[in-house]
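Novice: The sequence isn't on hand, but the structure is:
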Ligand SMILES: NC(=O)C1=CN([C@@H]2O[C@H](COP(=O)(O)OP(=O)(O)OC[C@H]3O[C@@H](n4cnc5c(N)ncnc54)[C@H](OP(=O)(O)O)[C@@H]3O)[C@@H](O)[C@H]2O)C=CC1
Ligand SMILES: CC(C)CCC[C@@H](C)[C@H]1CC[C@H]2C3=C(CC[C@]12C)[C@@]1(C)CCC(=O)[C@@H](C)[C@@H]1CC3
């Protein structure tokens, strides 16, 4: 049976590289690229068809940061497919990132230098904003939209006698200290990206608890440091050109500098081949590249706990019913009942 795979944020970077790797592993796979920018999505499909002429590739317009867009796309998926085998929750943003150069230079001369380069801990702040749904944009895009998508797609993911997979692109930048149950959207802090990625680690654990008995399994990966639109957005392009030789040099000393999207997609494509029962729900699967350029995946225990993961899940359910209520009220304003 052909596997049906939906990838969010598939038009560039790690998502696009994943699609290429999936087609190389299994040319029969049915890919569905769920993207915000349809021009880039068309370009991505054309690029994939160049190397895999017979591939079955569908496109869907999805702005995962918009509640309405998620609900609409989920309806479309349920109409098009009666079963979904893999849902890669990969789309992500880090808006207006700023590097704390003082921390960077201090870190360069400390014993933590490798850790700093692997995780960017304490190095980056971002400017988040409230979106049209009244949600923090980073939270809405990196976490909540994906949560809603999973909830909406439950009927095609959870089917008797069938296993399905959720695979989250998290990050080693996910940090407990950036996340708070009192502020899950990170309205007050300056590290919304780190908070949202930590929340995805917690959510994956909670999803496993709720859905494993229905044949749905969730895993989390970290792609390492990959040069993509997201990373290039952190510093001016001339700076990247200057420091690229240093980046390749650092790679000799740390396996987390995967650098290319192909390498970064290692853990995502490795998970595609694994039996879900064999995976550890407490582990984050890291894409790693050795100094000689060999790729491999490695599980590392996440710094998460069940109580926080359950508490987050409850809050997400509450928020879900709030936004659904708001959508219904807005719809009733446009089309009042009885008219
Ligand atoms: N690069 C790195 O070093 C690391 C990346 N990651 C994670 O990897 C994932 C992929 O990022 P990466 O490939 O690096 O960066 P890219 O910017 O190349 O890819 C991000 C993708 O997400 C899409 N996207 C962003 N916002 C939305 C939205 N609202 N709705 C739908 N799609 C959206 C983008 O589409 P569009 O073209 O419309 O912008 C793009 O396709 C992210 O979750 C990121 O956090 C994690 C750790 C390290
Ligand atoms: C002078 C130096 C050689 C310049 C590099 C400094 C920084 C811009 C990078 C150092 C560590 C990097 C990093 C990321 C972005 C660029 C750096 C901060 C990420 C935050 C990108 C997104 C992620 O999710 C993380 C896992 C990356 C971790 C490391």
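Specialist: Everything's here; your move. These numbers were taken from a predicted model, which means no experiment stands behind them. Numbering: from 1, shown residues only. Ligands and ions are numbered 1, 2, ... in the order given.
Novice: Do a quick rundown of the strands in this protein.
Specialist: Counting by DSSP state E, the chain has strands at residues 4-8, 30-35, 56-61, 86-89, 98-99, 124-125, 164-169, 216-222, 283-289, 295-301.
Novice: Spell out which parts of this protein neighbour ligand 1.
Specialist: By CB under 6 Å from any ligand atom, the residues of the chain that approach ligand 1 are 8-9, 11-15, 35-37, 40, 62-65, 90-93, 141, 169, 171, 222-223, 225-226, 228-231. Any C-beta I mention is one placed from the backbone N, CA and C, and that applies to glycine too.
Novice: What about ligand 2: which of these touch it?
Specialist: 171, 225, 231.
Novice: between those residues, which is closest to ligand 2?
Specialist: Distance to ligand 2, by CB to the nearest ligand atom, is smallest for residue 171 among these, at 3.3 Å.
Novice: which residue packs closest to that closest one, ignoring adjacent ones?
Specialist: residue 197 (4.4 Å; CB to CB, 6 or more residues apart in numbering).
Novice: and that neighbour, what pLDDT?
Specialist: At residue 197, the pLDDT value in this model is 98.
Novice: Compute the distance between residue 285 and ligand 1, please.
Specialist: Taking CB to the nearest ligand atom, to the nearest Å as the measure, residue 285 falls 13 Å from ligand 1.
Novice: max-length helix in the chain?
Specialist: As assigned by DSSP state H, the longest helix anywhere in the chain is helix 306-334.
Novice: Out of the residues of the chain next to ligand 1, which sit inside helices?
Specialist: 13-15, 40, 229-231.
Novice: What subset of the residues you listed is buried?
Specialist: Burial by neighbour count, 16 or more other CB atoms under 10 Å: within those this picks out 13-15, 40, 230-231.
Novice: Quick check: residues of this protein near ligand 2?
Specialist: 99, 104, 117, 119-120, 123-124, 171-173, 225, 231, 234-235, 243, 246.
Novice: which one of those has the most neighbours?
Specialist: residue 171 (27 neighbours; other CB atoms under 10 Å).
Novice: wait, isn't it in contact with residue 199?
Specialist: No: assessed by CB atoms under 8 Å, residue 171 is found out of contact with residue 199, at 11.5 Å.
Novice: before we move on, the earlier item: can you select the buried ones among the residues of the chain next to ligand 1 for me in ChimeraX?
Specialist: If you want just the buried ones from the residues of the chain next to ligand 1 in ChimeraX, going by 16+ other CB under 10 Å, the selection is:
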select :8,9,11,12,13,14,15,35,36,40,62,63,64,65,90,91,92,93,141,169,171,222,223,225,226,228,230,231
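Novice: Make CSV from the strands of the chain and add mean pLDDT to it.
Specialist: Converted to CSV, these look like this (pLDDT from 0 to 100):
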stretch, mean pLDDT
strand 4-8, 98
strand 30-35, 98
strand 56-61, 98
strand 86-89, 98
strand 98-99, 91
strand 124-125, 88
strand 164-169, 98
strand 216-222, 98
strand 283-289, 98
strand 295-301, 98
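Novice: re earlier: out of the residues of the chain next to ligand 2, what pair is the most spread apart?
Specialist: 171 and 246 (21.4 Å; CB to CB).
Novice: re earlier: possible to save the ones next to ligand 2 among the residues of the chain next to ligand 1 as JSON lines with pLDDT?
Specialist: As requested, these are arranged in JSON lines below (pLDDT from 0 to 100):
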{"residue": "171", "pLDDT": "98"}
{"residue": "225", "pLDDT": "96"}
{"residue": "231", "pLDDT": "96"}
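Novice: what's the closest of the residues you listed to residue 216?
Specialist: residue 171 (23.0 Å).
Novice: one step back: check which helices and strands the longest helix of the chain sits against.
Specialist: helix 67-80, helix 145-152, helix 192-211 (3 or more CB pairs under 8 Å, 6 or more residues apart in numbering; DSSP states H and E).
Novice: ok, the closest residue to residue 7 other than its chain neighbours - contacts?
Specialist: Closest residue to residue 7 apart from its sequence neighbours, by CB to CB, 6+ apart: residue 88 at 4.3 Å. Contacts of residue 88 were listed using CB atoms under 8 Å, 6 or more residues apart in numbering, and they are 5-8, 10, 15, 18, 167, 169, 268.
Novice: how much space is there between residue 88 and ligand 2?
Specialist: Distance from residue 88 to ligand 2, by CB to the nearest ligand atom: 16 Å.
Novice: Specify the beta-bridge partners of that residue.
Specialist: Note on residue 88: beta-bridge partners by DSSP bridges are residue 7, residue 167.
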